[in-house]
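In: Sequence isn't available, so here's the structure alone:
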Ligand code: SF4
């Protein structure tokens, strides 16, 4: 159903034999999966094709770096597969599967390790959410939320809709890029969204487009159907070396998303996850690219924030001067820290918040405004 998936690299049409040899070891360590639609977007004659870099195993994945759970999601796991880090939001890891394995996946532990990370007991999860009246948002993800059959999704969504204080139900998915047939060929999914995305309680689809080439005609059609059914679409992408780490590509992505009706929401600094070093962009370089890209966009296309999903919270990378870099806790696991503004001495070799060691100043969000002025 919904077309053909490839899980063995040598079976991919057009894959050169010498390339297979080069990535043999990578394929033994990290799994491969891609849909025929997505593979069809690759220009095999272009050695730097961005789609190829996103989905086809790369030699650099063997570079030693990072850990499997770089943001320590385990710390915020209240039940197997249910994370409660920010007061108003819970994350349900419902699916162990994706429509393709991004080579830079930050949760590749789901596909590789034998650990139990996905939700086992929906009844317990629902009870937890019912009990915690501060929860207004539930994110269904994994893996990919749209890998679940619509009947299963409907079961979960309908139960969440019975909880008064849950207003927003989000589904995290790269399906619109990887396999838009999942949406185009399943009218039941659209019916489900029509039924549960209400005027005062919307369903959001959190899309995952990394590069403008992913916005194929089919993807645009799928996005349009979801919007028509009543879903709100917002896009998140990491900044990826060799894929979108230049101002023109990023600006084009932001612009195309805004034209389609998809809000550019977050651009993530790559989490230091095993296998991902080859995709990581240093924080200060990423900020420069991000800001230059935004200058090329209209207001609606520049609504994204550049953030790090750090263990302590979502940290926005706000600005930099010659000597200093400025961060703000966009969301914090410790409520009291939310909104705090941090000034650090710059470190051009920093790939993650933990690489900044010299704090220049920490302004609490509730300090009087004048505290931000010169001292
Ligand atoms: S869609 Fe998300 S969870 Fe799935 S492989 Fe890509 S980054 Fe990982």
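Out: Received the coordinates, thanks. Source: prediction; values computed, not measured.

In: Which residues of the stretch 101-250 of the chain lie near the ligand?
Out: With Cβ under 6 Å from any ligand atom as the criterion, the stretch 101-250 of the chain meets the ligand at residues 101-102, 105, 107, 143-144, 174, 208. (C-beta placed from N, C-alpha, C; glycine too.)

In: I figured residue 298 hits residue 257, correct?
Out: No: using Cβ atoms under 8 Å, residue 298 is not in contact with residue 257; the gap is 11.6 Å.

In: Show me which of these two is the more surrounded one.
Out: Counted by other Cβ atoms under 10 Å, residue 298 and residue 257 do not tie: residue 257 has more neighbours, with 27 against 10.

In: could you measure the more buried one against residue 267, distance?
Out: Distance from residue 257 to residue 267, counting by Cβ to Cβ, to the nearest Å: 11 Å.

In: before we move on, back to that, most neighbours, which of the residues of the stretch 101-250 of the chain next to the ligand?
Out: When neighbours are counted by other Cβ under 10 Å, residue 174 leads these with 27 neighbours.

In: Could I get the contacting residues of that residue?
Out: Residues in contact with residue 174 (Cβ atoms under 8 Å, 6 or more residues apart in numbering) are 98-100, 102, 144, 207-208.

In: could you redo the last one with a cut-off of 6 Å?
Out: Shown in contact with residue 174 (Cβ atoms under 6 Å, 6 or more residues apart in numbering): 144, 208.

In: what's the first-to-last distance across stretch 329-345?
Out: 17 Å (Cα to Cα, to the nearest Å).

In: centre of the chain versus that stretch, how much separation?
Out: Computed by Cα atoms, centre = their mean, to the nearest Å, the chain-centroid distance of stretch 329-345 equals 21 Å.

In: For it, the averaged confidence score.
Out: For stretch 329-345, mean pLDDT is 94.

In: buried residues in that stretch?
Out: Within stretch 329-345, the residues that qualify as buried are 329-333, 337-338, 340-344, counting by 16 or more other Cβ atoms under 10 Å.

In: swap in stretch 113-120?
Out: 117-119.

In: and it, how far from the chain's centre?
Out: Relative to the chain's own centre, stretch 113-120 is displaced by 19 Å; criterion: Cα atoms, centre = their mean.

In: Then stretch 179-199?
Out: Distance of stretch 179-199 from its chain centroid, counting by Cα atoms, centre = their mean, is 21 Å.

In: Need the residues that contact that stretch.
Out: For stretch 179-199, the external contacting residues (Cβ under 6 Å, 6+ apart) are 2-3, 35, 37, 99, 146, 150, 154, 157, 161, 175, 203, 218-219, 222, 225, 229-231.

In: From those residues, keep the buried residues only.
Out: Buried members of the contacts of stretch 179-199, counted by 16+ other Cβ under 10 Å: 2, 35, 37, 99, 146, 150, 154, 157, 161, 175, 203, 218-219, 222, 225, 229-231.

In: From the contacts of stretch 179-199, which land in helices?
Out: Among the contacts of stretch 179-199, the ones falling in helices (DSSP state H) are 37, 150, 154, 157, 161, 175, 218-219, 222, 225.

In: between those, which is nearest the ligand?
Out: The closest of these to the ligand turns out to be residue 175 (Cβ to the nearest ligand atom; 8.5 Å).

In: Do you know the pLDDT at the residue nearest to that closest one when sequence neighbours are not counted?
Out: Distance criterion Cβ to Cβ, 6 or more residues apart in numbering; nearest residue to residue 175, sequence neighbours excluded, is residue 146 at 4.1 Å. For residue 146, the pLDDT comes out at 97.

In: List the contacts of residue 146.
Out: Residue 146 touches 173, 175, 182, counting by Cβ under 6 Å, 6+ apart.

In: Nearest residue to residue 328 in space, ignoring adjacent ones along the chain?
Out: Leaving aside its sequence neighbours, residue 328 sits nearest to residue 316 (Cβ to Cβ, 6+ apart; 4.7 Å).

In: Also residue 362?
Out: Closest residue to residue 362 in three dimensions, ignoring its sequence neighbours and counting by Cβ to Cβ, 6+ apart: residue 342, at 5.4 Å.

In: packing partners for whichever strand or helix holds that neighbour?
Out: Assigned by DSSP states H and E, residue 342 belongs to strand 341-345. Where contact means 3 or more Cβ pairs under 6 Å, 6 or more residues apart in numbering; DSSP states H and E, strand 341-345 is packed against strand 324-332, strand 359-363.

In: Quick check: the nearest residue to residue 99 once chain neighbours are set aside vs residue 187, distance?
Out: Residue nearest to residue 99 in three dimensions, not counting chain neighbours: residue 178, with 3.8 Å by Cβ to Cβ, 6+ apart. Shown here: residue 178 relative to residue 187, a distance of 20 Å by Cβ to Cβ.

In: which of these two has more neighbours?
Out: Shown here are residue 178 and residue 187; by other Cβ under 10 Å, residue 178 has more neighbours (30 against 12).

In: Determine the three-state secondary structure at the residue nearest to residue 328.
Out: strand (DSSP: H, G, I helix; E, B strand; the rest coil).

In: Pretty sure it sits against residue 332.
Out: No: in this structure, residue 316 is not within contact of residue 332 by Cβ atoms under 6 Å, at 11.1 Å.

In: Find me the pLDDT at residue 43, would you?
Out: Note on residue 43: pLDDT of 96.

In: can you redo the residues of the stretch 101-250 of the chain next to the ligand as a markdown table with secondary structure and distance to residue 262?
Out: What follows is these, written out as a markdown table (DSSP: H, G, I helix; E, B strand; the rest coil; distance: Cβ to Cβ, whole Å):
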| residue | secondary structure | distance to residue 262 |
| --- | --- | --- |
| 101 | coil | 23 |
| 102 | coil | 18 |
| 105 | coil | 21 |
| 107 | coil | 22 |
| 143 | coil | 21 |
| 144 | coil | 17 |
| 174 | coil | 13 |
| 208 | coil | 11 |
